[in-house]
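**Student:** requesting a structural model of the entry that follows:
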Amino acid sequence: MYPPSRKDFISLTLSDPHSHTYNNGKHRRQSCWRKWKQLSRLQRSLILFLLALLLIFGMLSYPSITEQWRGLSDREDWLSPNDRELKAIAPGLNPVLGPAAGKGQDPVPGLNVGAEVGADPVAEPRGPNIPILAKPPTKKKTFPIKRGPPNLQKDVNVSETVGGEKEEQEVVQEDEREGEDKGKNIVSWRGAMIEADQATEPPPSANGREAAAPQANPADPVPREVSTGTVDRLEAVRDAFRHAWKGYKDYAWGHDELKPISKSFGEWFGLGLTLVDSLDTMWLMGLKEEFAEARTWVEKELSFNKNVDVNLFETTIRVLGGLLSAYHLTGDQLFLEKAKDLGSRLMPAFKTPSKIPFSDVNIGKGTAHPPRWTSDSTLAEVTSIQLEFRELSRLTQEPQYQEFVNEVMRLVHTLPGKQDGLVPMFINTNSGQFTHKGVFTLGARADSYYEYLLKQWIQGGKTEDDLLEDYLQAIEGVKKHLVRQTGPRRLTFVGELTHNRFNPKMDHLVCFLPGTLALGVHNGLPGDHMDLAVQLMETCHQMYTQMETGLSPEIAHFSLQPTDGRDVIVKPADRHNLLRPETVESLFYMHRFTKDTKYRDWGWEILQSFNKYTKVSDGGYTSINNVRDPVNPGPRDKMESFFLGETLKYLYLLFSDDMEQLSLDKYVFNTEAHPLPIWPSPPK
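**Tutor:** Numbers count the residues shown, from 1 in each chain. Below you'll find the model as predicted:
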């Protein structure tokens, strides 16, 4: 039994051996009450009066405090700077905010906000705008970019900054809103912003009846077709070129390539590749001011007297081909003189034991050599320079250029190691023999060999029977060994053969083939070539439409099983898009010869996708890392020269109603889309 409580007590604090304290709290509270009771009546009254005043003051202040908190989220001055800018944008427009600090500076972390790529216009949020804190940026691995045919190393070119350091790209993903917008991402990149959800919207026509471009549904794999006139589409291509040229002029003038994200440039050979590659495109589009600026640079700044190694193939098709084409279109002797200077400096490449040229030439020293890692050249390198050197001989009346490149074709024509007209990818510069035998592809390192067989025959007035024979045999070999159909939709594609083992892999580069086949039929070759061209053109189209961005991957694999859902399978390492021209090139040929408007519509869809996922707000277009991710396509910070020299040129010609503009009965295009004249047939 507990003893009765006593009114007199003491408060004790005990501690145990483990230093845990014990407080007699009950007694302490009783001690406080005792002190309260010891106060006088006046003291207790004053304390109670003060407490009552505080309570009344708090009750009166409560409504204003709650009002302040309610209105705080609606006050514009509480928003972050970018949130205010978003709020100021007119409803229905997708905001694209670049760096606030200006050229080359990073935006403030957490404040660089852009519209979700591929999203429909978002209405004004109903609830309060809540600032979004950016998650820590995650560094994305950059993949190398390089044009296909000439490279012995697959994807080994890493973009370099001006100082030679590797440029890193950072992708910051932020949750845009909670509630109905939860799950959306905001994609921003250091130094620049890709224009999100910017489908091409052609300017209104004169009669104002053209429909506006509908916004793309994120669920759709490609942008919806837009009803628009021919003139509007042509102007849309001009606008795309102007935008690309603006970025080049602002940040890379006179250099080889634009890096639109970092607002800088990349140097490959130091020959102004993008500028020279674009000369004939500007002339065709009627961009007189841009062309005049470029011509001035060629006249005053373009010099080949420099100690630099250049790739024979790339320099021939881009620079020599670009200068020759500009000369033929304009009649300006400046371009021919530059072409003669360059052509003579490339000749040391042919000083080999086998007469198969080296891949690299020092145009200042007059020396040449193979790559450091091999004595081989790729087949496409040595057999896709003939159109240009043959034309240079015709113009200069100096036969050496044509003799050297014709000798290469004669050697390849007689070499053992072919399989029904298909050729291996490598050839040794010492022995003059094929190496890596048994591997056959129409993709990188071999593609333009087949293209130039036909085009040399056309260029020379259809008199060189060996070229025609090799071409016809090769197409039969393609049909016999490389052509297959997918299981799900019966799409026809061209695979690869490795020691008699078939691989259902097709580079985007192979999409040159439908146009080449159609060109052959136009020049009297078998009609079943056109049947194959139509089927392959559909497959190349599907390589775009089956991707979430509407852009083709660099390499596709095809499903041979009828139970599989997709025809086109893309491995993670192959998901990049380099703004390549091959599909739109073939669309141009197919439309020219068939007049089927669907090829124009397919080209229009591709242009829309380029504008939506690769256009950079400050100027230029960038290749991307992932065509399967419309939210974060991942810019690679590089605009290849062939985007202006080929891709946009072929799109412009595709949409033009003037079939005599660069008539295919008068001109033949080199593999960089530079038109060269077809020679008159010699008298019989």
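**Student:** going forward, measure contacts between C-alpha atoms and count neighbours the same way
**Tutor:** Noted.
**Student:** could you give me the average pLDDT of stretch 238-251?
**Tutor:** The pLDDT scores in stretch 238-251 average 98.
**Student:** may I have that stretch as CSV, with CA atoms only?
**Tutor:** Extracted in CSV, the C-alpha atoms of stretch 238-251 (Å, rounded to 0.1, in the frame of the first residue of the first chain):
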residue,chain,number,x,y,z
ARG,A,238,15.1,28.1,-96.7
ASP,A,239,14.3,29.1,-93.2
ALA,A,240,16.0,26.0,-91.9
PHE,A,241,19.1,26.8,-93.9
ARG,A,242,19.1,30.4,-92.7
HIS,A,243,18.9,29.2,-89.1
ALA,A,244,21.7,26.7,-89.6
TRP,A,245,23.8,29.3,-91.4
LYS,A,246,23.2,31.9,-88.6
GLY,A,247,24.7,29.5,-86.0
TYR,A,248,27.7,28.9,-88.3
LYS,A,249,28.2,32.5,-89.0
ASP,A,250,27.9,33.6,-85.4
TYR,A,251,30.0,31.0,-83.8
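**Student:** what residues sit buried inside it?
**Tutor:** By neighbour count with 16 or more other Cα atoms under 10 Å, stretch 238-251 contains the buried residues 238, 240-249, 251.
**Student:** again, but for stretch 276-288
**Tutor:** Under 16+ other Cα under 10 Å, the buried positions of stretch 276-288 are 276-283, 285.
**Student:** of all the buried residues of stretch 238-251, which two lie farthest apart?
**Tutor:** Farthest-apart pair in the buried residues of stretch 238-251 is 238 and 251; separation 20.0 Å (Cα to Cα).
**Student:** would you turn the buried residues of stretch 238-251 into CSV with distance to residue 582?
**Tutor:** CSV is the format used below for the buried residues of stretch 238-251 (distance: Cα to Cα, whole Å):
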residue, distance to residue 582
238, 19
240, 18
241, 18
242, 21
243, 21
244, 19
245, 21
246, 24
247, 23
248, 23
249, 26
251, 27
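**Student:** include secondary structure and distance to residue 318 when you put those into TSV, please.
**Tutor:** Shown next, in TSV, are those (DSSP: H, G, I helix; E, B strand; the rest coil; distance: Cα to Cα, whole Å):
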residue	secondary structure	distance to residue 318
238	helix	21
240	helix	21
241	helix	18
242	helix	20
243	helix	21
244	helix	18
245	helix	17
246	helix	20
247	helix	20
248	helix	17
249	helix	19
251	helix	21
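**Student:** list just the nearest of those residues to residue 370.
**Tutor:** Of the buried residues of stretch 238-251, the one sitting nearest to residue 370 (Cα to Cα) turns out to be residue 248, at 31.6 Å.
**Student:** does the closest one really touch residue 620, like I thought?
**Tutor:** Yes. At 6.7 Å, residue 248 and residue 620 qualify as touching, with contact defined as Cα atoms under 8 Å.
**Student:** overlap in contacts of the two?
**Tutor:** 258, 260 (Cα atoms under 8 Å, 6 or more residues apart in numbering).
**Student:** which of the buried residues of stretch 276-288 fall within strands?
**Tutor:** In strands, judged by DSSP state E, none of the buried residues of stretch 276-288 are found.
**Student:** distance of residue 588 from residue 242?
**Tutor:** Distance of residue 588 to residue 242, given as Cα to Cα, to the nearest Å: 21 Å.
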